[in-house]
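Peer 1: The following comprises the amino acid sequence and a computationally predicted model.
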Number of protein chains: 2
Amino acid sequence: MSKETRKEEIIRVAAKLFKKKGFSAVTMRDLATKMGMKAASLYNHIDSKQAILQEIVIAIAEDFTSGMHIIIETKSNSIEKLEQIIALHVKIAIENADGLSALNSDWMHLESKLDYYLKLRQDYENNFRNIIENGIKQNEIKAVNPEVLMFSMLSTLRSLYLWIPKKEDINKANLLVNLNDILLRGVEN
Amino acid sequence: MSKETRKEEIIRVAAKLFKKKGFSAVTMRDLATKMGMKAASLYNHIDSKQAILQEIVIAIAEDFTSGMHIIIETKSNSIEKLEQIIALHVKIAIENADGLSALNSDWMHLESKLDYYLKLRQDYENNFRNIIENGIKQNEIKAVNPEVLMFSMLSTLRSLYLWIPKKEDINKANLLVNLNDILLRGVEN
DNA sequence: GTCTATACCTGGATAGAC
DNA sequence: GTCTATCCAGGTATAGAC
C-alpha cells in the first residue's frame, strides 16, 4: 500500500474522534490538536468539516453497495448469500471500525450527500430483503417475518464495529463461524 | 396517569429532538421553539441541557436494571430468561423509543452521571452473560461463544427503538414471537 | 504547508422586567 | 412563568505573513 497522504491521515484521525464523541461534538481544534497542527492548517488539506464526514461515510456506503452487487450475482443459495453478507460486514468492520461509526451514527449530518447516502442504504436493504424473501420461497429459510429477520441481522452486523476492536482474542475466522451459527442456526438446544 | 408536568414535557420533546439530530446538535433554542417558548424560559423548569440528558438516560438505565433483577430472580430456565429479556427490551422500546436513542447514542455526553451509567450497563451485561453461560452449562443453550451471542442479541434489542416506530403493522405479540424465533431458534430450514 | 490573527456566528446560560 | 436583553465562551472558516 502506498504511503498515506496528509489528507488521508486527517480523515483517519477525524473518524477516530467522531467515533468517540460523535461528529457534532468534535471541533476542528480537537482534530488539529490530534494532528499536531493548528486548526487553520487543516484547511490546506480539506475543504470543510462537512467534507470530511462525506468522504468517510460515502466511501463505506459504496463499499457495501459494491459488495452486495457481487453477492447478488453469485449462484449461491439464500443461506450462502446471507453468509456472504455476514462476511462482508465483518470484513469492513475489521478494516474500518471508526468509519463505520460515522456511517451508523452521523449520517444524518450529511448535507449535500444525504440523499445519495439514503438511496444507497435503501437499495442495500432492498437487495437484502429480496434474498430473504427468495430464500423463504425456495424453502431454504424458515417462514419468519422477512422484515424482522433483516432488521435483526442488520442490527447485529451494523454494530460489529463497536465490539470487534475490544475482542482481539477472537480471530476473524472464529467470529465468522460464531456469527453464522448464531444468526442463522439458532442457539436453543 | 396524572397530567404531564411542564418539565416532563420538555424532557419528552428533548428526547425526540435528540433522537433526530443527536444531543450535541440540538440547541436549547431548537428545544424552546418546539416547546413554543423562548430558550431562557426553559431554565425555569430544568437546570441545564446536561440535566435533561441525565434524566432521560438514567431513568431508562434504571428501568433495565430493575427489569433484569426481576428476571434473574425467577425460577425459569435459561431460554425462558432470554425470552424475558427480549420482552423487557420490547416493552421499553415501545414505551420510550426516543429516550432509548439518547441512551444508545448520547450516553458518552453524560458528565457527572457517566460513571454511574457505565456501572449499570456493566452490571446488566454481566447478568446477561451469566444467564447465557449457565444455559450452556445446563445444556439448554448450544455451546456457542457466550460473548458473541450476548453481543448479537443485545445489538438487535438495543436497535429496536429505531425500527419499532416505523412498523405499526406489526403488533407487539407478533413481534415477540418473531424475535424469539429468530434470535433463539435460527432461521435455516 | 503551517503559523498568527481575527472575522463572524451561534452555543449555553443568567439578570431582571413584567 | 415567560419575556427581552445580554454575557461570554467557543464554533467554523479565512487572510495574509513566513
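Peer 2: Arrived safely.

Peer 1: For residue B:155, see how far away residue A:125 is.
Peer 2: 17 Å (Cβ to Cβ, to the nearest Å). All C-beta spots, glycine's among them, are computed from the backbone N, C-alpha and C.

Peer 1: so how many other residues sit close to residue A:5?
Peer 2: Residues near residue A:5, counting by other Cβ atoms under 10 Å in any protein chain shown, number 10.

Peer 1: Please read the previous query as pertaining to residue A:119.
Peer 2: 12.

Peer 1: Contacts for the helix or strand of chain A with the lowest mean pLDDT next, please.
Peer 2: Using mean pLDDT, DSSP states H and E, helix A:172-180 stands out as the lowest-scoring helix or strand of chain A, at a mean of 95. The set of residues external to helix A:172-180 that reach it, using Cβ atoms under 8 Å, 6 or more residues apart in numbering or on different chains, is A:83, A:86-87, A:90, A:94, A:156, A:164, A:167, A:170, B:144-145, B:148-149, B:152.

Peer 1: Over stretch A:28-36, what's the mean pLDDT, rounded is fine.
Peer 2: Stretch A:28-36 carries an average pLDDT of 98.

Peer 1: now stretch A:157-166
Peer 2: pLDDT averaged over stretch A:157-166 gives 93.

Peer 1: Is that stretch positioned near chain B?
Peer 2: Yes. Applying Cβ under 8 Å from any Cβ of the partner chain, one finds stretch A:157-166 touching chain B at A:158, A:159, A:163.

Peer 1: May I ask which of those has the most neighbours?
Peer 2: Neighbour counts for the residues of stretch A:157-166 next to chain B peak at residue A:159, which has 22 neighbours (criterion: other Cβ under 10 Å).

Peer 1: residues in contact with that one?
Peer 2: A:104, B:151, B:155, B:158, B:159.

Peer 1: Could you measure from it over to DNA strand C?
Peer 2: 28 Å (Cβ to the nearest atom of the strand, to the nearest Å).

Peer 1: same thing with residue A:92?
Peer 2: Residue A:92 is 29 Å from DNA strand C, by Cβ to the nearest atom of the strand.

Peer 1: Average pLDDT for the helix or strand hosting that residue, rounded please.
Peer 2: Element membership for residue A:92 (DSSP states H and E) is helix A:78-95. Here helix A:78-95 scores 98 as its mean pLDDT.

Peer 1: Mind giving me the packing neighbours of the next helix or strand after it?
Peer 2: Sequence order places helix A:97-105 as the next helix or strand after helix A:78-95, per DSSP H and E. Helix A:97-105 is packed against helix A:6-21, helix A:49-73, helix A:146-163, with contacts defined by 3 or more Cβ pairs under 8 Å, 6 or more residues apart in numbering or on different chains; DSSP states H and E.

Peer 1: angle of helix A:97-105 against helix B:146-163?
Peer 2: 30 degrees (axes from the mean of the first three to the mean of the last three Cα atoms, to 10 degrees).

Peer 1: anything in helix A:97-105 near DNA strand D?
Peer 2: No. Helix A:97-105 lies apart from DNA strand D when judged by Cβ under 7 Å from any atom of the strand; the minimum separation is 14.1 Å.

Peer 1: tell me which residues of the very next helix or strand once past that helix are tucked away?
Peer 2: Remark: after helix A:97-105, the chain's next helix or strand is helix A:114-137, criterion DSSP H and E. Of the residues in helix A:114-137, A:117, A:120, A:124, A:127, A:128, A:131, A:132, A:133, A:135, A:136 count as buried by neighbour count, 16 or more other Cβ atoms under 10 Å in any protein chain shown.

Peer 1: and these as TSV, adding pLDDT and distance to residue B:44?
Peer 2: Output for the buried residues of helix A:114-137, formatted as TSV (pLDDT from 0 to 100; distance: Cβ to Cβ, whole Å):
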residue	pLDDT	distance to residue B:44
A:117	98	40
A:120	99	45
A:124	99	47
A:127	98	52
A:128	98	49
A:131	98	54
A:132	98	52
A:133	98	54
A:135	98	57
A:136	97	56
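
Peer 1: Show me which residues of chain A are close to DNA strand C?
Peer 2: Within chain A, the residues that sit near DNA strand C (Cβ under 7 Å from any atom of the strand) are A:6, A:32, A:37, A:38, A:39, A:40, A:41, A:44, A:45.

Peer 1: Nearest residue to the last one in space, please, no chain neighbours.
Peer 2: Leaving aside its sequence neighbours, residue A:45 sits nearest to residue A:7 (Cβ to Cβ, 6 or more residues apart in numbering or on different chains; 4.5 Å).

Peer 1: Now the least confident helix or strand of chain A - C-alpha only, PDB.
Peer 2: Below are the C-alpha coordinates for helix A:172-180, written out as PDB (Å, rounded to 0.1, in the frame of the first residue of the first chain):
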ATOM      1  CA  LYS A 172     -11.900 -13.400  12.200                       C
ATOM      2  CA  ALA A 173     -12.500 -17.000  11.100                       C
ATOM      3  CA  ASN A 174     -13.700 -17.800  14.600                       C
ATOM      4  CA  LEU A 175     -16.000 -14.800  14.600                       C
ATOM      5  CA  LEU A 176     -17.500 -15.700  11.300                       C
ATOM      6  CA  VAL A 177     -18.300 -19.300  12.400                       C
ATOM      7  CA  ASN A 178     -19.900 -18.000  15.500                       C
ATOM      8  CA  LEU A 179     -22.000 -15.300  13.800                       C
ATOM      9  CA  ASN A 180     -23.100 -17.800  11.100                       C
END
